[in-house]
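# Dropping the sequence and predicted coords here.
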Amino acid sequence: MNAGHILGTRAALLRWFNPDDVLRTIEEFRAEAMSGVPTMFVYLLHYPEASRYDTSTMRLWGSGAAPLPVEIVEPFERRFGGKLLEGYGLTEASPVVSAHRLSGVRKLGSVGPPIPGVTVSIRDDEEALYAFPAVAEAAVIGRPDRLMGEEVVAFVVLKPGQTATADEVMSFCQSRLARYKCPKEIRFVDALPKSPVGKILRKELRGQARTQT
């Protein structure tokens with residue numbers, strides 16, 4: 001929004017996300033750009049009445065706040081026009097940290113290069129898990145979700161002689177993290193897969209998260 005104000009553009013604000021309202025607003029105001037979260041773009045793509053609206057003026061659909069499913073990018077762009085570009089940001093950075101540019105090279109599945117003057121350093125939910133008294137080790141990975149883009153799965157190793165339930169660990173995380181950051185599933189394991197130098201093999205955990213129930 002700040003960039004738009006600086007450039008002297010107009011903005012249309014909607015109180016709630018509704019596919020019909022969004023598409024009608026784009027057509028009425030001949031909008032050229034929209035920012036949203038992946039779930040919004042999933043809903044728009046599958047909205048049965050979308051063909052009633054003219055979105056040919058759209059140049060940029062900016063996606064953030066959660067991983068964008070790469071499978072929807074090409075069909076979305078074919079249906080609505082413009083480019084669906086992913087970025088990353090946080091409130092403390094006011095708010096953009098990295099983003100794809102219309103004029104740059106796009107790599108699907110990434111959030112683009114850092115904007116000038118920004119050094120990227122990301123911490124995840126593992127700090128909250130390690131703070132739980134019974135936890136010896138923990139690793140958090142993302143599991144693909146068709147609606148939300150990605151959901152959080154936590155693999156936890158308990159300290160010898162300690163016991164805990166998934167609900168207890170979940171409640172502890174919810175007391176320390178925003179709800180959307182909390183794991184959707186807690187999995188207790190005897191050990192985390194590691195490389196010879198002790199690095200946690202997250203790729204193996206992602207495979208487990210996809211194949212196990």
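That came through fine.
# could you pull out the strands for this protein?
In order along the chain, the chain carries the following strands (DSSP state E): 33-36, 60-63, 83-89, 96-99, 135-145, 149-158, 185-188.
# hmm, what's the outermost residue in the chain?
Within the chain, the residue lying farthest from the chain centre (Cα atoms, centre = their mean) is Gly161, at 36.4 Å.
# Show me the shaky parts of the chain.
By pLDDT under 70, the weakly predicted segments of the chain are 1, 92-94, 117-124, 147-148, 197, 212-213.
# which residue is nearest the middle of it?
Of the residues in the chain (compared using Cα atoms, centre = their mean), Ala66 is nearest the centre, at 1.1 Å.
# so who does the nearest residue to it once chain neighbours are set aside touch?
Using Cβ to Cβ, 6 or more residues apart in numbering and skipping the chain neighbours, the partner closest in space to Ala66 is Gly149 (4.3 Å). Glycine gets a C-beta too; all of them are placed from N, C-alpha and C. Under the criterion of Cβ atoms under 8 Å, 6 or more residues apart in numbering, the contact list for Gly149 reads 38-39, 42, 66-69.
# Identify the farthest-apart pair in those residues.
Farthest pair in these (Cβ to Cβ) is Val42 and Pro67. Separation: 11.9 Å.
# Show me how this structure divides into domains.
Per the record's domain assignment (automatic domain parsing), the chain is made up of the domains 2-99, 126-211.
# next one: stretch 47-59 to chain centre, how far?
Chain-centre distance of stretch 47-59: 24 Å, with Cα atoms, centre = their mean, to the nearest Å.
# sorry, that was for stretch 45-57
In terms of Cα atoms, centre = their mean, the centre of stretch 45-57 is set 24 Å apart from its chain centre.
# Report how many residues lie close to the closest residue to Val157 other than its chain neighbours.
Counting by Cβ to Cβ, 6+ apart, Val157 lies nearest to Glu137, which is 4.1 Å off, once chain neighbours are set aside. Other residues lying near Glu137 total 17 when counted by other Cβ atoms under 10 Å.
# residues touching Glu137, list them.
Contacts here follow Cβ under 8 Å, 6+ apart; on that basis Glu137 touches 156-157, 191-192.
# Kindly provide the distance from Met58 to Ser98.
When Cβ to Cβ, to the nearest Å is the yardstick, Met58 and Ser98 sit 22 Å from each other.
# hey, where'd the helices end up in the protein?
Taking DSSP state H as the test, the helices found in the chain are 2-7, 19-29, 38-45, 73-80, 126-130, 166-176, 202-211.
# how about a markdown table for these, with mean neighbour count added?
A markdown table is the format used below for the helices of the chain (neighbours: other Cβ atoms under 10 Å):
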| stretch | mean neighbour count |
| --- | --- |
| helix 2-7 | 9 |
| helix 19-29 | 16 |
| helix 38-45 | 19 |
| helix 73-80 | 16 |
| helix 126-130 | 17 |
| helix 166-176 | 15 |
| helix 202-211 | 14 |
